[in-house]
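Got a predicted structure here, sequence first:
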Amino acid sequence: MHRRDLRGLISRPTLAETYHFRDSIDQAVGQLLEQSDDAQLAEIEPIVTLGLHHEQQHQELLLTDIKHVLAQNPLYPVFQPAPVAGVGDPGSGNNGNASTQPGPAIPATTIPPQRFVEFDEEIVSIGHDGPGFSYDNESPRHRALVPAFSLSNRLITNGEYLEFMEAGGYTRSEFWLSLGWTTVNEQRWRAPLYWIERDGAWWNFTLSGIRPVNEAEPVTHISYFEADAYANWAGARLPTEFEWERVAADLPIAGNFVDDERFHPAPLAGGSSNENTLHQIYGDVWEWTRSAYLPYPGYRAGPGALGEYNGKFMCNQMVLRGGSCATSRNHVRVTYRNFFQPEKRWQFTGIRLARDPS
């Protein structure tokens, strides 16, 4: 197997070859469906449906891989120019690249202080059990006791994460898990992935090129280790996936998804200060939870290759929830469980804080 962190260096087929391959697959699948009888279709349908949802996952991974590849280029090329409010036109510069002249971080002038919404202890139903598609790791649906907690009404911003950095967050071991502290020192982390410091100012490489860090935007491309360390520094913690699902169950699936073609987290719109209103639950960034990726009670992986789709990864990974700016809107559900190893940073991952009762 090729190393995941180096897969962007593998040569690619040409665009024409890629389209030709896709056409051949479409024709073969179409022919299979047309020639199958009802009994065969009943067997094929769940596999084709799974394949379509799997393709949506890979469309998201394509964007994150493209960003990783372009970030290795010292010219910081633009994938798609997309002006962002408060940042200016990223499409200026040589060959469509954003300007690379040093400049200050853009302050968060419209984002209100985060507030924590309180929730009482409750036994809730967790997992998928109803119409529509779901992955096998979202079931069986089961009951879970969720003790009283409070959840931040919005995501952590770049500006807030800068405060953690300026307070020596990357040099103070007391905030870090042991393995996280080892990783920080081995990898020499001192900022989120794609952040670049020039002449004392922080810049952020995006799919629209390089631009000064916008302090109002949700911080992204951070590992579980960094999210956990920030939470410890802030006197809080990360939510469990059960806390997140309980809160999200009554909220509409709306937010900044790939369908909007922004390809980057967006500042909180409106700047509402209503302490009981939860923002950015869906979209923008995948939210790290403190829950290990484990099977639900009663889970059994299916037979054959399809049973390996999720079950074989239930070790040494952490759960993320909510989707991101690279996720398709119709791909996300309240029960959707994403998962990554705690050191991974190339996905659009971010932070929402939780607290226990004082």
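Great, that's in hand. Residues are numbered from 1 along each chain as shown.

could you measure Tyr296 against His128, distance?
Distance, Tyr296 to His128, using C-beta to C-beta, to the nearest Å: 10 Å. Glycine gets a C-beta too; all of them are placed from N, C-alpha and C.

shared neighbours of these two, anything?
138-139 (C-beta atoms under 8 Å, 6 or more residues apart in numbering).

more crowded one of those two?
His128 (21 against 17; other C-beta atoms under 10 Å).

Give the helix, strand or coil label for the more buried one.
coil (DSSP: H, G, I helix; E, B strand; the rest coil).

so who does it touch?
The neighbourhood of His128, defined by C-beta under 8 Å, 6+ apart, consists of 134, 138-139, 141, 333, 335.

possible to save the residues you listed as CSV with neighbour count, pLDDT and secondary structure?
Below are those laid out as CSV (neighbours: other C-beta atoms under 10 Å; pLDDT from 0 to 100; DSSP: H, G, I helix; E, B strand; the rest coil):
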residue, neighbour count, pLDDT, secondary structure
Ser134, 18, 94, coil
Glu138, 21, 96, helix
Ser139, 17, 95, coil
Arg141, 15, 97, coil
Arg333, 19, 96, coil
Thr335, 21, 98, coil
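
Would you mind giving those as TSV with distance to Ser291 added?
Shown next, in TSV, are the contacts of His128 (distance: C-beta to C-beta, whole Å):
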residue	distance to Ser291
Ser134	18
Glu138	14
Ser139	16
Arg141	17
Arg333	17
Thr335	13
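
which among the residues you listed gets closest to Val247?
Thr335 (13.1 Å; C-beta to C-beta).

is it true that that closest one touches Glu245?
Yes. In terms of C-beta atoms under 8 Å, Thr335 counts as a neighbour of Glu245; the distance is 6.6 Å.

just the helices in this structure please.
15-35, 38-71, 158-166, 178-187, 224-233, 241-248 (DSSP state H).

Any chance of those helices in JSON lines with mean neighbour count as columns?
Converted to JSON lines, those look like this (neighbours: other C-beta atoms under 10 Å):
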{"stretch": "helix 15-35", "mean neighbour count": "10"}
{"stretch": "helix 38-71", "mean neighbour count": "14"}
{"stretch": "helix 158-166", "mean neighbour count": "18"}
{"stretch": "helix 178-187", "mean neighbour count": "14"}
{"stretch": "helix 224-233", "mean neighbour count": "24"}
{"stretch": "helix 241-248", "mean neighbour count": "22"}
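
of all the ones you listed, which lies closest to Gly209?
Judged by C-beta to C-beta, the one of the helices of the chain that comes nearest to Gly209 is helix 38-71, at 8.9 Å.

Any idea which residue is closest to the centre of the chain?
Centroid-nearest residue in the chain, with C-alpha atoms, centre = their mean: Trp286, separated by 2.7 Å.

For that residue, give me its contacts.
Contacts of Trp286 by C-beta under 8 Å, 6+ apart are 320-324, 327, 338, 347-350.

how close does it sit to His279?
Distance from Trp286 to His279, by C-beta to C-beta: 16 Å.

for Asp356, same thing?
Distance of Asp356 to His279, given as C-beta to C-beta: 22 Å.

Could you do Asn310 as well?
From Asn310 to His279 the distance is 30 Å (C-beta to C-beta).

Thought Ser208 was touching Pro81, still the case?
Yes. With contacts defined as C-beta under 8 Å, Pro81 counts as touching Ser208 at a distance of 5.7 Å.

which residues do Thr335 and Glu245 both contact?
Ile126.

In the stretch 101-250 of the chain, where is pLDDT below threshold?
By pLDDT under 70, the weakly predicted segments of the stretch 101-250 of the chain are 101-109.

Break this protein into its domains for me.
Per the record, the chain has its domains at 4-71, 109-189+216-355, by automatic domain parsing.

and stretch 188-196, how far apart are its ends?
Taking C-alpha to C-alpha, to the nearest Å, the first and last residues of stretch 188-196 lie 13 Å apart.

So which bits of it are buried?
189, 191-195 (16 or more other C-beta atoms under 10 Å).

which other residues reach it?
So stretch 188-196 is contacted by 67, 71, 161, 165, 170, 183, 197, 202-206, 210, 213, 219-222, 226, 345-346 (C-beta under 8 Å, 6+ apart).

And the strands in this structure?
116-119, 122-126, 142-146, 149-152, 195-198, 201-206, 209-212, 286-292, 318-321, 338-340, 349-350, 354-355 (DSSP state E).
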